[in-house]
Every structure is written in C-alpha cells, then in structure tokens.
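Student: 3D, please:
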Amino acid sequence: MSRMLSLLPGLGLAGLATATLLATPAQAQPQPEQVTMTLDQFLRLYEQGKDRKPDVVPPRAYTLSAARYVGDVVFEDGEPVSATFTARMTVENLLERGWARVPLLSGAVGVQSARIGGKEASMVLENGQYVLVTDQRGAFEVVVQFAVAVTSAEGRSGFSFPLEASGATEVELAVPTSEELDFTVANAKLAQSRVRGNRRVVTATLPSSGSLAVSWQRDVPDAEKQQDPRVYAEVHTRVGVGEGVLTANVTLEETILFAGIDEVRAQIPTDMTVLDVRGAGLRDWTLGDDGVLVASLNYAAEDRYTLSIDLERVLIDGEVGESGQLNVPLVEPVGVERSKGFVGVQSRGTLELTAGAVQGAAVVDVRTLPASILGVTDQPVLLGFKYLGSDADIPLSVREYEDVDVLVTLLDQGEATTMFTADGRRLTRMRYQVRNNRRQFLRLTLPKDAELWSSAVAGRAVQPARSQEGELLVPLVRSQAAGGALAAFDVEIVYVESGEGPNASGSGTFMAELPKADAPTTWVGWTVYAPRQAKIEKRKKRDGSLRPVDGLSRPASAAQALQIQSQNAAMQQSAGRQFAEGAMGLGAAPVQVSVPVDGQPVFFEKLLALDERLWVEFDYKKLD
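Tutor: Down below sits the predicted model:
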C-alpha cells in the first residue's frame with residue numbers, strides 16, 4: 001500500500017510542512033477540490049520551494065562607496081605645473097546581468113590609466129565625464145591614474161576639479177619643497193598638514209559630493225630674506241569735499257629693489273576712517289592704535305607694488321560753513337627710503353574750494369597730475385599739489401553756498417482738443433509731453449465743475465489722486481536717458497464740462513479754460529471743434545490768453561514724445577513696475593477714453609505758458 005498526500009483546498013505551498021499526511025488505500029479516489037500526491041513528490045516540491053528567492057530589483061546599478069586620492073605636485077623650472085594622482089575607488093556592481101556604466105572622474109582631468117585587479121579597465125568619455133564600463137559583478141577596486149593642471153598667481157598655487165559622489169572621500173597631496181606652506185582645502189571637514197622629509201603633505205576628508213579644490217602659498221612669517229629691500233614710494237591722493245563728508249582715495253605705488261617685501265606699511269591720519277584696502281595678493285590688513293596700516297601679502301612682491309586705500313571722515317558742524325577750513329589728509333608710507341606725493345582736490349556739491357597757506361608742497365596745474373587721480377572720476381579736479389617727504393601741510397578754504405532750485409519736470413508741449421455740442425457741453429482731451437527727473441506727481445488744477453473721465457501716463461491708463469487743495473495728482477514715471485538727454489513721455493487726461501448753450505436766436509459765446517499745471521509748458525496748442533452749422537465770428541471778436549491762429553505750428557524746438565509701446569521699452573518697464581507696486585494709483589483698473597472729433601476747427605496757441613490761466617473766448621451764431 002502506498003502513502004498518499006492529500007492537499008486540502010486553500011492550503012498554499014508555504015504550509016506544506018505542517019500539512020496532515022493521510023495514509024489512504026491505493027484504490028481510494030481523491031475528493032473533489034483536492035490534489036493527491038505521493039510523499040516523495042511532496043518532499044521534492046517542498047525542497048524546491050525553500051531554495052527559491054524572490055526577485056528584487058536593485059535601487060541603482062552601482063555604488064561608489066569610497067574614494068581615496070593620493071597626489072604629488074610636479075615642478076618645472078621651479079614653478080608648479082601639474083599634480084599627478086592615483087585614485088583608488090571602491091565600486092560595487094549591483095546588476096545581476098549586463099554591463100554597468102559608472103562615472104568616475106570629470107573630463108577636466110587627464111586620465112593616464114585605469115585598472116581593475118591589475119588588468120586594464122574600459123573607460124570612455126561621455127557628457128564630460130570619464131565612465132567605467134564593466135560587467136564584473138559584486139564589489140571591486142578601480143585604480144585610476146590621472147593628472148590635473150596647477151595654476152599660480154600672485155604667490156598662490158592650486159587646482160580644482162569636480163568629484164563624483166562617494167560614501168567616503170579622502171585626499172592626500174604632497175608638495176616637494178623645503179619651505180613652510182599654508183594649505184587651503186575647500187569644504188574640507190578635517191584637514192591636516194605635516195612635513196615628510198623635504199615634502200609638505202596635506203590630508204583631508206571631504207563631503208560626499210562637490211569638488212576637490214586645493215591651494216597653497218608660502219608661509220610668509222617663516223620666510224627668510226637674504227637681503228634687506230630698499231623701497232621708494234609715490235602717493236597719489238584724490239580728495240573729495242562734500243556736504244558733511246570728506247573722502248580720500250589713495251594709491252600707494254612702491255618701487256622695490258634688491259629683495260621682495262611681504263607687507264606694506266602706511267601712516268593713516270588719526271581722524272580718518274579706513275573703508276577699504278585693495279591690492280594684488282593681499283592676505284589681510286590691520287590698523288594699529290598708532291594709526292599704522294599694515295597690509296600683509298601672501299607672496300614676496302618685487303619690482304613694483306600698488307596698494308589702494310579708501311578713507312572717509314564725517315565733517316562736524318562748523319568745519320564747512322560760510323568760510324570753513326580743512327586740511328588735506330595725507331597718507332605717509334612707513335619704512336621707505338624716500339617718498340613723494342600728488343594731490344587732486346574736487347568739490348562734491350555747492351562748495352567753493354581754494355588753497356590756503358600751503359607748506360612743504362607746491363601748487364601745480366591739475367593737468368599734470370597722475371592718471372590715477374584724473375582718470376577714475378567723473379567730477380572735475382579743481383586743485384592740484386605735489387610734495388616731497390612727510391612734512392607737507394595743505395589747508396583748504398571752503399565756502400558753502402545755498403542751492404538754487406532748478407526745474408526737475410518740464411512740459412515740452414501741451415496740446416488740447418475740445419469738442420462742444422449745441423447744448424453747450426464740452427469734452428476736452430489734454431495731452432502733455434513730459435520730461436521728468438524725480439517728481440512723483442504732475443499737479444493739475446481742472447476748470448471749475450469739470451468731471452475727470454480718464455487719465456493715462458506713457459500710454460498706460462492710471463488712477464490719479466486728489467490733494468487737499470483740490471488739485472489733480474497724476475503719478476509720473478521717471479524719464480529714461482535718450483541720446484544724452486531725458487526722453488519725453490505722454491501724460492493725457494480727458495474731462496467733460498457743462499456750459500451755456502445758444503440763445504433762442506442761435507447765438508452764443510464759447511468760453512473755456514485749460515487745466516493749470518504746476519510745471520512750465522514751452523508751447524500750448526488748442527483746437528476747438530464747433531458744430532458745423534455754427535458760424536464763428538471773426539478773429540477780432542475772439543479773446544483769451546491764447547492767440548488765434550490759422551493752424552497749429554507745433555514748433556520743432558519742443559521735444560517729440562516717445563510712445564512707450566514701441567520706442568521706449570525701458571520707460572515701459574519703469575511704468576509697469578510702478579503700476580504693479582501701487583505708485584500709479586490703487587483701485588479698479590481705469591478706462592482710457594477717446595475724444596470723438598467732428599465739426600469745424602478753431603485754433604489757438606501760446607509760447608511759454610507759466611503759472612497763468614489759459615483760456616479762450618469767441619462768439620458764434622446760427623446754431624439752432
């Protein structure tokens with residue numbers, strides 16, 4: 001009799017180990033929804049199920065778990081030119097089959113060889129990266145030899161190239177030199193430097209991604225000088241006297257003989273504040289209590305060296321008044337054999353400057369001053385001096401005057417178009433061509449009982465405001481420069497008025513006035529369209545502050561407005577920004593109104609309208 005296994009419905013393969021073995025007669029028939037097998041078949045199926053592993057797709061094709069870069073700097077003719085590296089990278093191919101592509105290095109370096117287990121590895125250049133192509137499974141080490149160029153400038157050498165992200169990144173660099181070096185490893189979490197024979201070695205641990213950037217320079221304090229240098233100095237000083245502040249821009253030019261120098265010293269006037277110090281290879285600068293400025297360099301400067309110093313002093317009340325006096329701040333080089341200087345003085349405001357009783361210096365023509373004084377300023381240099389040594393005293397007499405108000409907004413043209421109807425209503429469009437420097441509003445006084453319908457600035461409808469005095473405040477943009485002058489833009493308003501119509505016989509008098517602006521207008525033109533059936537009386541019966549003409553002259557001297565939509569994109573952007581920020585008025589978007597033109601025109605114009613009333617009057621008849 002054979003032993004049979006009966007699998008009950010719903011019993012999975014995972015539960016076969018605990019299934020109940022049923023010994024049934026060989027002739028027994030299986031029950032419905034049951035599977036019957038021999039014990040050997042069950043055991044074989046069970047063992048196969050234990051060995052099967054689920055299919056798992058790795059999250060990525062490879063990992064770069066560690067990278068160590070060991071390099072040496074190569075010198076030619078005493079200068080560093082390149083650094084050669086041996087990089088050991090731990091790579092794991094996570095794919096079960098096929099080829100993995102593993103980026104290892106940036107294309108900015110030059111790869112010499114790549115090996116896996118002593119055998120050449122396949123490397124290709126793709127998208128600016130050196131990519132390892134391999135079908136080796138599991139974890140393995142890739143050894144890559146490459147080189148990178150070293151650059152030197154102003155006593156500092158170094159290199160930089162991007163790194164591929166790795167779990168742990170270490171670098172070691174050796175520089176063959178007997179001098180003490182100051183290393184900098186960008187973004188290093190841990191950096192150490194040490195001496196190994198006649199080599200200076202730096203080691204560092206880097207973040208998982210980024211770049212390898214190493215630079216070094218000679219450790220200046222430990223450098224030995226074979227011969228004392230001799231230094232000759234020339235000081236160029238540009239002094240600016242303004243309202244409430246005295247400035248000095250100093251250029252210190254030193255000529256160096258016999259040996260290099262690694263610091264520059266200068267005596268600063270005690271009442272001046274040092275704002276900035278600039279120079280090639282400048283490591284740091286300090287200002288001592290004795291007023292001596294020490295500028296430390298990261299290399300030994302030879303032949304010539306230039307240091308720039310910016311100074312400032314706030315002027316107290318009384319120093320610049322109706323007849324004040326100031327002394328020119330002079331910077332004195334320290335530790336030099338001989339020095340000379342040039343001074344240029346300029347006024348930054350409504351100040352009159354004259355030389356006082358100068359001692360130890362001579363007045364010179366400003367055209368003979370060095371280019372470092374004359375060539376870097378847009379203000380005219382008024383006074384010039386030169387001196388030798390450090391005993392110069394240059395006083396300045398300063399006289400301050402009151403500012404005179406000048407125009408900051410000008411209306412080049414003002415052109416009005418008015419249409420009046422048989423019942424006396426008047427619809428007027430007034431368009432100004434404005435050049436504005438810094439005024440925020442154009443103030444207009446509308447005719448009495450006039451109702452404003454729309455306003456626009458530079459082609460854009462705006463929401464004006466009203467002052468406490470009842471003036472209409474139209475927000476302005478600032479004119480852009482065009483050909484060395486300010487470009488004009490349009491300001492337009494449309495308003496409506498009620499007036500008296502003709503009498504029973506069809507006769508009447510048209511009398512109206514234009515808005516009064518708070519800025520002068522070089523030319524005003526006014527076209528009044530009367531109904532076609534009306535008969536306008538002769539010119540001698542016309543009155544007003546504008547003279548009647550046969551047609552508008554529009555003089556060429558008045559600037560032509562630049563339409564914002566097509567000709568002045570910069571002004572359009574300015575108006576758009578002010579509109580978005582609320583400077584052009586708040587509330588619902590205004591509507592721009594057009595004035596229909598129909599009827600017989602009557603022309604008036606005036607040159608140079610100042611603070612005055614602009615009005616016209618004429619009679620008409622036969623207007624039924």
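
Student: the helices in the chain, which residues?
Tutor: Using DSSP state H, the helices found in the chain span residues 39-51, 371-374, 569-580.

Student: other residues contacting the shortest one?
Tutor: Contact with helix 371-374 is made by His236, Thr237, Arg238, Thr251, Phe342, Val343, Gly344, Val366, Arg367, Val381, as judged by CB atoms under 8 Å, 6 or more residues apart in numbering. Yep, even glycine has a C-beta here, placed from its N, CA and C like the rest.

Student: what's across from the fifth one in the sheet?
Tutor: Beta bridges link Phe342 to His236, Lys386 when assigned by DSSP bridges.

Student: and it, how far from Ser498?
Tutor: 74 Å (CB to CB, to the nearest Å).

Student: so between those two, which is more surrounded?
Tutor: Phe342 (21 against 12; other CB atoms under 10 Å).

Student: picking that back up, which of the contacts of helix 371-374 lies closest to Ser122?
Tutor: Distance to Ser122 across the contacts of helix 371-374 (CB to CB) is lowest for Thr251, with 58.7 Å.

Student: quick one: contacts for the nearest residue to Ser498 once chain neighbours are set aside?
Tutor: Excluding its sequence neighbours, the residue lying closest to Ser498 (CB to CB, 6 or more residues apart in numbering) is Arg425, at 5.9 Å. Going by CB under 8 Å, 6+ apart, Arg425 touches Val496, Glu497, Ser498, Gly499.

Student: give me the neighbour count for the second one.
Tutor: Applying other CB under 10 Å, we find 19 residues neighbouring Glu497.

Student: tell me if I'm right that it and Met419 touch.
Tutor: No. Between Glu497 and Met419 there is no contact, the gap being 11.3 Å when judged by CB atoms under 8 Å.

Student: find residues that contact each of these two.
Tutor: Jointly contacting Glu497 and Met419 under the rule CB under 8 Å, 6+ apart are Arg426, Thr428.

Student: okay, Gly78: pLDDT?
Tutor: pLDDT recorded at Gly78 is 81.

Student: please apply the same query to Ser545.
Tutor: Ser545 is assigned a predicted lDDT (pLDDT) of 92.

Student: Pro58 contacts Leu94, doesn't it?
Tutor: Yes. Counting by CB under 8 Å, Pro58 does reach Leu94; the two are 3.8 Å apart.

Student: who has more neighbours, these two?
Tutor: Neighbours per residue, other CB under 10 Å: of Pro58 and Leu94, the larger number sits with Leu94, 15 against 12.

Student: any idea how far Leu105 is from that one?
Tutor: Leu94 is 21 Å from Leu105, by CB to CB.

Student: how long is stretch 357-365 from one end to the other?
Tutor: 17 Å (CA to CA, to the nearest Å).

Student: which parts of it are buried?
Tutor: Val358, Ala361 (16 or more other CB atoms under 10 Å).

Student: other residues contacting that stretch?
Tutor: 342-343, 355, 383-389, 391-395.

Student: and for Trp194, the neighbour number?
Tutor: Careful, residue 194 is Arg and not Trp. 9.

Student: with Lys538 instead?
Tutor: Neighbours around Lys538, by other CB under 10 Å: 9.

Student: now swap in Arg547 and tell me
Tutor: Arg547: 13 neighbours (other CB under 10 Å).

Student: where in this structure is pLDDT low?
Tutor: 1-33, 50-57, 190, 219-227, 317-324, 376, 403-408, 481-485, 556-593 (pLDDT under 70).
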